[in-house]
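Engineer: coordinates for the following, if possible.
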Amino acid sequence: MAILFISSLTPDRHEYWTNGFARSGFNAIQGVGLSMANIIGNENIEFFSMPSYQSFPNGPMWLSGKTDTLENGATVTILPTLNFKIIKTIHWSLQYAKIIKQWAKRHQGEDCKVFIYNTYHPSIDYIYKACKKAGVKLYCMLYDLGVPPKRLGLSRLSMYGYKRAERIAEKYIPLLDGRIVINERIIGHYAPGKDYLLIDGGITDQLVSKLFSLKKSESTIYTFVLAGMLWEQNGTRLVLDALKSRPDLNVKVKICGKGNDVQLIKESAKSDSRIEYLGMLNQDQLFKIYENADVLLNLRIEEEEDFHFPGKLLECLSMGKLVISTPIAHAERDYGQYMKILHDISGKGLANLMYEITETPKHDLFELGQKARSFMLENRTWSIRTRSIVKYMQLRTK
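Structural biologist: Residues are numbered from 1 along each chain as shown. Prediction:
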């Protein structure tokens with residue numbers, strides 16, 4: 001099997017951590033790309049990439065093309081473009097149409113698969129037509145779909161681009177040869193009745209290498225940690241409301257990250273000594289906070305139409321700590337036995353669950369955390385998850 005891998009994958013170096021770089025998305029792309037190369041061999045996969053920059057004037061006007069070397073030794077070709085909204089999507093799409101034609105010709109007679117991450121950059125209509133013309137199969141990893149909510153305040157041009165991309169996605173996703181989805185609602189909305197593979201994320205080799213040894217806490221205080229983008233959708237106000245409703249809770253809540261609610265958190269910390277805001281931490285610093293925690297919070301408040309799944313949940317479960325999570329998407333079905341589910345998504349509901357946990361012996365929390373980590377290491381590394389993806393692609397041969 002020969003694979004053409006189209007994404008924004010680059011070497012994981014500082015020069016590529018641009019103003020458009022998103023760590024969670026990058027980890028998914030890197031996890032699948034490097035694992036896929038390991039499974040089928042570097043000689044059977046070619047990587048082409050589009051750099052992650054915000055459009056001009058927030059990013060450079062011109063993005064240069066070049067080749068570079070990924071962490072596994074494979075070569076990645078980074079494509080150039082004029083960095084303007086919509087224009088860059090069309091420019092990249094035209095380049096890829098040509099690349100697919102040339103690649104398919106070089107691998108004539110082989111089982112050729114094009115694997116693309118998401119449908120926007122490049123635009124899936126160009127890629128689909130190029131694959132059909134070249135006689136190769138097309139698989140898409142669908143991890144970031146849907147029009148952003150109005151409250152984000154994006155420009156009219158940005159919203160037009162998203163809406164146009166959505167119309168294209170709705171037309172072409174049902175026509176793909178295979179769909180790897182992060183959330184099964186994607187299939188219900190974009191491709192009812194079509195086959196798919198649910199892969200809601202994974203944990204990277206880098207994360208596994210940094211996991212700390214687990215030890216039982218001797219403290220009488222229960223320490224909770226909320227980390228990530230600090231805004232209402234990720235439960236910041238839910239936590240603050242919970243603490244207000246139960247001033248008797250014997251807890252410490254450590255909050256890490258950045259976002260719209262930072263000032264609100266700082267103000268709350270002034271009047272409630274149980275709240276500690278630690279700012280934006282790097283991974284090593286964050287893992288140290290996790291190591292000394294009793295409970296990690298994954299409080300994703302779903303949008304009216306939500307096609308996402310929080311990668312943060314998989315990270316938290318890997319830490320070997322008790323996790324409290326909202327029942328987003330399939331979280332309760334697939335991970336409920338390894339964590340506590342918050343069904344009453346209100347300040348009072350969270351306060352009651354936090355109180356229940358403070359009445360639970362820490363030994364019991366420790367054992368549940370151990371089970372969660374074991375499950376993640378045995379079933380949710382990107383190496384394991386990518387094997388499922390490759391098998392899915394192999395089963396659908398010409």
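Engineer: need the contact list for residue 301.
Structural biologist: Residue 301 makes contacts with 232, 233, 234, 235, 238, 326, 345, as judged by Cβ atoms under 8 Å, 6 or more residues apart in numbering. The way it works is simple: take the backbone N, C-alpha and C, and place the C-beta from them, glycine included.
Engineer: helix or strand right after the helix or strand of the chain with the lowest mean pLDDT?
Structural biologist: Using mean pLDDT, DSSP states H and E, the weakest-scoring helix or strand in the chain turns out to be helix 156-172, at a mean of 83. Downstream of helix 156-172, the next assigned helix or strand under DSSP states H and E is strand 178-181.
Engineer: looking at this protein, which residue ends up farthest from its center?
Structural biologist: In the chain, the residue that sits farthest from the middle, by Cα atoms, centre = their mean, is residue 248; the gap is 36.2 Å.
Engineer: dump the least confident helix or strand of the chain to PDB, restricted to CA.
Structural biologist: The C-alpha trace of helix 156-172 is given here as PDB (Å, rounded to 0.1, in the frame of the first residue of the first chain):
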ATOM      1  CA  ARG A 156     -17.700  38.400   7.700                       C
ATOM      2  CA  LEU A 157     -15.100  37.100   5.300                       C
ATOM      3  CA  SER A 158     -14.000  34.400   7.700                       C
ATOM      4  CA  MET A 159     -17.600  33.300   8.300                       C
ATOM      5  CA  TYR A 160     -18.300  33.300   4.600                       C
ATOM      6  CA  GLY A 161     -15.200  31.000   4.200                       C
ATOM      7  CA  TYR A 162     -16.400  28.600   6.900                       C
ATOM      8  CA  LYS A 163     -20.000  28.500   5.500                       C
ATOM      9  CA  ARG A 164     -18.700  27.800   2.000                       C
ATOM     10  CA  ALA A 165     -16.400  25.100   3.300                       C
ATOM     11  CA  GLU A 166     -19.300  23.500   5.200                       C
ATOM     12  CA  ARG A 167     -21.400  23.300   2.000                       C
ATOM     13  CA  ILE A 168     -18.500  21.600   0.200                       C
ATOM     14  CA  ALA A 169     -18.000  19.200   3.200                       C
ATOM     15  CA  GLU A 170     -21.600  18.300   3.200                       C
ATOM     16  CA  LYS A 171     -21.500  17.400  -0.500                       C
ATOM     17  CA  TYR A 172     -18.200  15.500  -0.500                       C
END
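Engineer: what comes up buried for that helix?
Structural biologist: For helix 156-172, a neighbour-count test (16 or more other Cβ atoms under 10 Å) marks 161, 165, 166, 168, 169, 172 as buried.
Engineer: got it, and stretch 57-65?
Structural biologist: 59, 63.
Engineer: chain center to it: distance?
Structural biologist: With Cα atoms, centre = their mean, to the nearest Å as the basis, stretch 57-65 stands 25 Å off its chain's centre.
Engineer: quick check: which element contains residue 256?
Structural biologist: Residue 256 belongs to strand 251-258 when elements are defined using DSSP H and E.
Engineer: just checking, what packs against whichever helix or strand comes after that strand?
Structural biologist: For strand 251-258, the following helix or strand on the C-terminal side (DSSP H and E) is helix 262-271. Packing partners of helix 262-271 (3 or more Cβ pairs under 8 Å, 6 or more residues apart in numbering; DSSP states H and E): helix 236-245, strand 275-279.
Engineer: who wins for proximity to residue 353 among those?
Structural biologist: Nearest to residue 353 among the helices and strands packed on helix 262-271 is helix 236-245; the distance by Cβ to Cβ comes to 8.6 Å.
Engineer: now the angle between helix 262-271 and that closest one, please.
Structural biologist: Computed by axes from the mean of the first three to the mean of the last three Cα atoms, to 10 degrees, the angle separating helix 236-245 from helix 262-271 equals 20 degrees.
Engineer: hey, C-alpha coordinates of helix 236-245 in CSV?
Structural biologist: In CSV, the C-alpha atoms belonging to helix 236-245 read as follows (Å, rounded to 0.1, in the frame of the first residue of the first chain):
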residue,chain,number,x,y,z
THR,A,236,-14.4,27.8,34.3
ARG,A,237,-17.6,29.5,35.5
LEU,A,238,-19.1,26.2,36.5
VAL,A,239,-16.2,25.6,38.9
LEU,A,240,-16.4,29.1,40.4
ASP,A,241,-20.2,28.8,40.9
ALA,A,242,-19.6,25.4,42.6
LEU,A,243,-17.2,26.9,45.1
LYS,A,244,-19.6,29.8,45.8
SER,A,245,-22.5,27.4,46.5
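Engineer: confidence score at residue 310?
Structural biologist: Per-residue confidence (pLDDT) for residue 310: 91.
Engineer: ok now do it, which residues does it touch?
Structural biologist: Per Cβ under 8 Å, 6+ apart, neighbours of residue 310: 298, 300, 328, 331.
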